[in-house]
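Novice: Here is a sequence together with a model predicted from it:
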Amino acid sequence: QQKTLSGTVIGEDGGPIPGVTVVVKGTTTGTITDMDGKFSFSAPTNAKTLSVSYIGLKSQEIEIGSQTSFKVTLLADVVSVDEVVVVGYGTRKKEEITGSISTVSNEQMKISSAPSVVSRMQGQISGVTVNSGNTPGSDAVIRIHGIGTINNADPLYVIDGVPVGPGNNINPNDVESISVLKDASSSAIYGSRGANGVILITTKHGRQNQEATVTLSVRTGISNATNQYDMLNTAEYGQAVFLQKKNGYSFANQYGNGTSPVIPDYILPTAAMEGDPAADASKYVYPTNQIIKANKQGTNWFDEIYRTGVIQEYDLSISGGGAKSTYSLSSNYLSEEGFLIHTGFKRYNFRVNADTKFGNWLKVGESLQAIMIHQNGDLANNGEGNAVSMAYRMQPIVPVYDIMGNFAGTKAPGTGNAANPVAMLDHAKNNDGKWFRVLGNIYGEVTLMKGLTAKSLFGYNMGQWNAKTYTIPTYENAEPNMVPGLTVDSNYSILWNWSNTLNYSTTIKDIHTINVVLGTEAVNNTYQWMSAGRSQYFSLAPDYMQLTSGESNKVNDGNGSSWSLFSQFGRANYDLMGKYFFEATVRRDGSSRFGAANRYGVFPAASAAWEVSKESFMASSKTWLDLLKIRAGWGKSGNDQIGEYNMYSTFGTNGYTAAYNLNGSPTSAIAGFEPSTKGNADVSWETTQTINAGVNASMLNKKLTASVDVWQRKTSDMLYRLSVPQVMGTATPPFVNIGEMKNTGIDIEVGYHNTALAGKLSYALNATWSHYKNEVVSLSNNLKEVVGYSERQVEYTRATSGMAYPMFYGLIADGIIQTAAEAAAAPQFADYTTVGHYKYRDLNGDGLITMDKDRTFIGDPHPKFVGGLNVDLGYGAFDLNMFFYGSYGNDLINYVSRWIDYGQFVGGLSKDALNDTWTPSNTGARLPMLDGASRSQEASTAFIEDGSFLRLKTMRLGYTLPKNILDKVKMKSLRVYVQATNLFTLTKYRGLDPEVNTLSNTAGEGNRMGVDKGSWPTPRQITLGLTLGL
Amino acid sequence: FLDKKPLGSTSEDVFYSEKGVNALLTGAYSMVKGSALWSVSWGASITNWTYGSVASDDAGKGSYIGDQIPVNEIEQWNMSTTNNYPADKWLLNIGMGVNRCNIVLNVITKTPTLAAATATELQAEARFLRGLYYFESWLVFGDKIPLIPEDKVDVANTISNDNPAGAVLKFIEDDLAFAAANLPAKQSQPGRATKWAAKALAARAYMQVLDYASAKPLLDDIITNGGFTLADKFFDNFRIAKNNNSESIFEIQRNVNDINESLNGEMGIGLNAPYAPELGMCCGFHQPTQNLANAFKVDAAGLPLFDTFNNTDLKNDAGIASGDEFIPATDLLDPRIDFTMGRRGLPYMDWGIMRGSDWIRDQAWGGPYVTVEKTFFYKAERNSLSTTTGWQTGINANNFRYLRLGHILLWRAEVAASEGDLATALNYVNQIRTRAGKEVVMGKVNLYKLGDKSINDGDTWKQYVDFTVPAANYKIGTYTAFANKDEAMRAVQWEQRLEFATEGMRFFDLRRWDKAKPGSMKATLEAFAAADQRVRPLVMKGATFDEKDKYQPIPQVQLDLEPGVLKQNTGY
């Protein structure tokens, strides 16, 4: 007997869904829905269950009973959206993951308003250390699971299947998800490039049968500096000059030769008073005879260079899909003015992603991003020569402008040698850099048979950089540059990759699920640069100053490089009863960076997971424990980041070191050659071996989730450019595989969410906590081998076997010597050991302080842990998010202190330099006698400060319009919010910002970690935003 | 697909031709500039302004206490083994110079296509340069330098620096003898070494150990057969317009403006320009001392005040502001003083009137005399023959006369004095003095308050100068006779000081003369240090000169890289 079953299938939005399969479960009896989502068919009267299914939506089974008419609402298959994790060359369901992988969702991307994707990852996941940038548009530095190598320790970034470097400036709003592969069992599939972790970024795609969604976001706000050094004013500076004179440190100055400081009316002519004929305005000639008045109150140079910068961002995205095709496009414009005058950053992003299906067997798609960046002004950071450093290096008596409105500066005698930072920023205001990038892929995927697909993806990443840097004469400075000039730089890089993968998955007898991926990949990168310059310009108008109009010093330069990689790889997953998961991967890489004999390497990995909570013996805990999963993994991955051509011995020309003027012409030299590199063909990649174990748990109806990972990474055959004695020549020595580095650590993520007040208040807390310990096991066979970092002839850091990379190195200062007797008894540091100076500790007990015998490791720039805490509160239509980030237990070297507290060069001085310095009547002072003694400025414990901090990175309050109001105005969503960054910081650090310099962002410069050389402080931004969905 | 070759560089086999060897030889010559780039900076200067001049009684570091602190250690004879200045010298001469010469010598033997005569001549040039690089290292570090022959380049870090006495000199001597035997008397390119250059350098090497007998025939040969004549005027040896003149035997060729910042010109002197606001150059280093000024004082006969010169100071403007009145000294002076040091109230070449303390970065530290003029250039040459970019715009195209006939004559006079050949000594010393008297600094300044720097705008300053009258009260006389050997030697040595002042030789000269008169170097330097505090109260306070201070320490980093192979100099 038959009966007729009929009904309608609709989606979440209420619209009908055509093409839905409706069958009686376990039979072939059934049909598909028509264009209106309707179905009708005859079924046996004993039919019990109706099965309704559609790809991309969650299947439903409905008890038929006596019912004959059905209304079925199919929900989006949330597994496919939230529970799928992108892994190397594929995706896995979250529950199948066996390695150490963290994900960042597009929701988490919205917490921060930083321009870069990497900055926004800070504190969102455990096991990574992120040092956010603080100049407009700057990128952050990220280290995954400690610092794996003294070489380039950047992770590999893969955007939509294309391997790229850091700093690609994609629009964070375009990010669908990010997966961070932290251990080698996950990253080994990237072989020789996976050792420092892999960050997989997937951009947004449309969904099938999704009505077009248009989202418009607008954001605008302001950016300010939060901090400045507390400097002496003009009168106080005079006192400091005389205090130094009293202490035996006399130098040319503007305060006279009497018994007390006299503030002059003019500083150019030197220390002149009103009425001095030389100071008569009629004598003024620019630039040869400037007249500069003293600023008697004192110039606050920070106030002069700081400003309120305006931030604007506009984002428009559209996505949707039909039965066969999906699309997602977006465009974004971001403009950030720096809080230093004349600095800024603009970014333009365009993205188009589209996919379509032909029949049931072929899917093709593409992803395309076009990015342009425009940065302008002097964005130099982290150095004693940048504008922020010049602000503390200027004396307060110097005004910004001279009597006729031209820049004033240290050309006035006795005012030091700093550059006027206002002039510096002004001179650089037309400097600009433009960066164009096109990045994306095109792919095709064929279903060969049930469960077997083949995919071919061709990716590309092309970048072009153009920069113009003007040299404007700095007549105002003590060390001026008098000749205008222009430098134009240009470079491009083209990377392509072609990967081909076969994917097979099948389930046998319902309990054995097998998934196999096999693939090959080829990657090729070419790079070329060019630079040209001229000097002597008739006019300084920026439009006039082109290469062609420069009169002399016609120089140009350029070169290039390339590398390539060819690989085969495979991965097998086996899932037994949904409880036991196994994964094995292997990749074989061949790299152009190594000699033919060492070109190929094999990177294996294996991992397993056990979902304990599914075991029958856990049945009793079901009431409170939703998930308990234990994971363990082992793997090897590599690092080939040593630049190109390490195996070749080469000779090159060099205009400075290999040319000589044999002809005797005063303006030209003859080019010669010099040995430039020594090759080593025996080198291969660094290998990093990791073991890790982890637990994931979910409790209390998934309200409480937690994961813990413990891990160890050991990098062996670490590539090291062995220091070669100079008797062997000075050609750059090759890398050799010699060092060893070890990192161990633990990562914890905990989340809790619940509701209160009868469901009106929802709240969620998500915390991350990461700890690592780094150790250089060995660098070379020479135990004395060190990689240190020096600034102004003082060595601050060292890395050597048995210590972390790096550690601070120097003398131990045991307070200040108070009496002559104490000075006589103290270990002698040449003639330095006198009352009012530091008493340094004599480590070898010979009664003397010597730099080779009494220095030791005095501080550790590595944090004991870093952590982030997200707090989300929702009440009705309001939501509030707060994100805290902190670092604990890391030391910083306050190099700026050497300038402003100790008076290195005669620049600006801090209030402490005058008020907290040792004098016979201020014996408890923090600082030694103010006398410019270079031996007070040796690297010592006196410069080590606690860099721990806790910062409220962002706070955001939002209001979402209720649906009933939105329906009236035919909008899908409307949200307004106000967001503030960097609201407060708790720290003991005396410098401008404890968060700067915690990591170095240049490859191979990890040895300068933690040295604060004078940086822009982290800005405080307050923005108002509106998001509109149509 | 995986084979990628480097771009813009080449491998060794490309150089197996005459053209190739010459290209590498040019690279080896490149190091004689002394220093040329940031990785090898001021400490490597071939002018030896630090080790030869600042360490002596000729000059001080200058500038102010806080800039280039490592040079304070050199000046105060208080060196630490980690000081980066000697490390620069080591790097440039041994690491780059010697190594490149050895590569050239090896490539020559691998190039069978070279004609025998060509090969020998190229070898001779490379060995001259290797001799020069070793000589420079020897001056600064003494005998503790590793001697690396060309066949040991690849095993160089097993070669000890603990040489038997005389081994270094022998090595240098062999290289220079080979060069002298195989180089032409004249080269078409003035920068290349000739056989006379090899002989002159060998003579200078012998002079270091007072081996007068070996030096004498070489010096005579150069004087008799070299064809060199003294330039007309003393200052012709220090002017760009007179580069490669009739007196020059081997000049370090300078050039500028071929490349940005022109560090090709020799960055070694990049700090040594006056720190005057109207000049806008950096950084006021290498200031002559009061002691040197005093040494130029003469008696009524125009002869030096050997014994009393430093009892009182030639009047100076220490502590006097530029705007205050100061009338320069009217004492009788050797005219070379004002080609050697900038004094207040006198014309400073064509740059204007030296305005005293405003022209000096920190007078209390550096003293009242401005940076030496010998390595400088004329205002009229600015930008065309000096660097236009960067901040070291004092770098210029003025060649450094590394070996010139003036040196040869006074060394020959020294040989004669040691032999008691008083007539020969007298002849050569008087030739030099006669030439020195031919030129004086012209233009007496009649303005004594110099606070207004606009006087140096353009030609404004010239209205305050009477160019018909010499700038100071000059007098230079010739000796009529030497009474004995000692008096002759004293006059010869004094003449070398005045003629070669601030050219980076004084310290090494005091050291070699100390061999004949042990203790004389310590006595001279400590007497200088004591009296110097009258003008510069801080710099030399408490400074003592010890035996170890005669040589610079072997760089600590290099000792650490070659443990057990390299030894430190005694006393460090």
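Specialist: Okay, I see it.
Novice: Every contact and neighbour count from this point should use C-alpha atoms.
Specialist: Fine.
Novice: Need the pLDDT of residue 94.
Specialist: In the absence of a named chain, chain A is used. Each residue has a pLDDT score; the one for A:Lys94 is 83.
Novice: ah, I was thinking of chain B
Specialist: pLDDT, B:Ile94: 94.
Novice: Then B:Leu37?
Specialist: At B:Leu37 the predicted local confidence, pLDDT, stands at 64.
Novice: Also the one 3 residues further on?
Specialist: With respect to pLDDT, B:Val40 scores 75.
Novice: what kind of secondary structure is the closest residue to it other than its chain neighbours in?
Specialist: The shortest distance from B:Val40 to any non-neighbouring residue, by C-alpha to C-alpha, 6 or more residues apart in numbering or on different chains, is to B:Asp88 (5.4 Å). Local secondary structure at B:Asp88 is given as helix here, using DSSP: H, G, I helix; E, B strand; the rest coil.
Novice: Touching, B:Asp88 and B:Ala44? I think so.
Specialist: Yes - the pair formed by B:Asp88 and B:Ala44 meets the contact definition of C-alpha atoms under 8 Å, at 4.9 Å.
Novice: Looking at the two, which has the bigger crowd around it?
Specialist: B:Ala44 (31 against 22; other C-alpha atoms under 10 Å in any protein chain shown).
Novice: Common neighbours of B:Asp88 and B:Ala44, please.
Specialist: Overlap between the neighbourhoods of B:Asp88 and B:Ala44 is empty, taking contacts as C-alpha atoms under 8 Å, 6 or more residues apart in numbering or on different chains.
Novice: Poorly predicted segments of the stretch 201-350 of chain B, please.
Specialist: Where the stretch 201-350 of chain B drops to pLDDT under 70, the residues are B:260-263, B:265.
Novice: Which stretches in it count as helices?
Specialist: With DSSP state H, counting those that start in this stretch as the definition, the stretch 201-350 of chain B shows helices at residue ranges B:212-225, B:290-295, B:337-340.
Novice: who does the longest one touch, helix- and strand-wise?
Specialist: Counting contacts by 3 or more C-alpha pairs under 8 Å, 6 or more residues apart in numbering or on different chains; DSSP states H and E, helix B:212-225 packs against helix B:195-208, helix B:405-419.
Novice: neighbouring contacts of the longest one?
Specialist: Counting contacts by C-alpha under 8 Å, 6+ apart, the residues outside helix B:405-419 that touch it are B:200, B:207, B:212-213, B:215-216, B:219-220, B:222-223, B:228-230, B:247-249, B:422, B:424-429, B:432, B:485-486, B:488-489, B:492-493, B:495-496.
Novice: how distant is the helix or strand following it from the center of its chain?
Specialist: The C-terminal neighbour of helix B:405-419 among helices and strands, as given by DSSP states H and E, is helix B:422-436. Distance of helix B:422-436 from the chain centroid (C-alpha atoms, centre = their mean, to the nearest Å) equals 22 Å.
Novice: Which parts of chain B are strands?
Specialist: Counting by DSSP state E, one finds strands in chain B at the ranges B:59-62, B:248-252, B:285-288, B:400-404, B:442-445, B:465-470.
Novice: picking up where we left off before, by neighbour count, sort out the buried ones in the contacts of helix B:405-419.
Specialist: The neighbour-count test (16 or more other C-alpha atoms under 10 Å in any protein chain shown) applied to those identifies B:200, B:207, B:212, B:215-216, B:219, B:222-223, B:228, B:230, B:247-249, B:422, B:424-429, B:432, B:485, B:488-489, B:492-493, B:495-496 as buried.
Novice: related to what we said a few turns ago, just name the most buried of the strands of chain B.
Specialist: strand B:59-62 (a mean of 32; mean count of other C-alpha atoms under 10 Å in any protein chain shown).
Novice: List the neighbouring strands of that strand plus their orientation.
Specialist: The partner list of strand B:59-62 in its sheet, established with DSSP bridges, is strand B:285-288 (antiparallel).
Novice: Scan the helices and strands of chain A for the one with the lowest mean pLDDT.
Specialist: The least trusted helix or strand in chain A, going by mean pLDDT, DSSP states H and E, turns out to be helix A:78-82, with a mean of 47.
Novice: The helix or strand just after that one: how far from the chain's middle?
Specialist: Going down the chain from helix A:78-82, the next helix or strand is strand A:84-87, by DSSP H and E. In terms of C-alpha atoms, centre = their mean, the centre of strand A:84-87 is set 23 Å apart from its chain centre.
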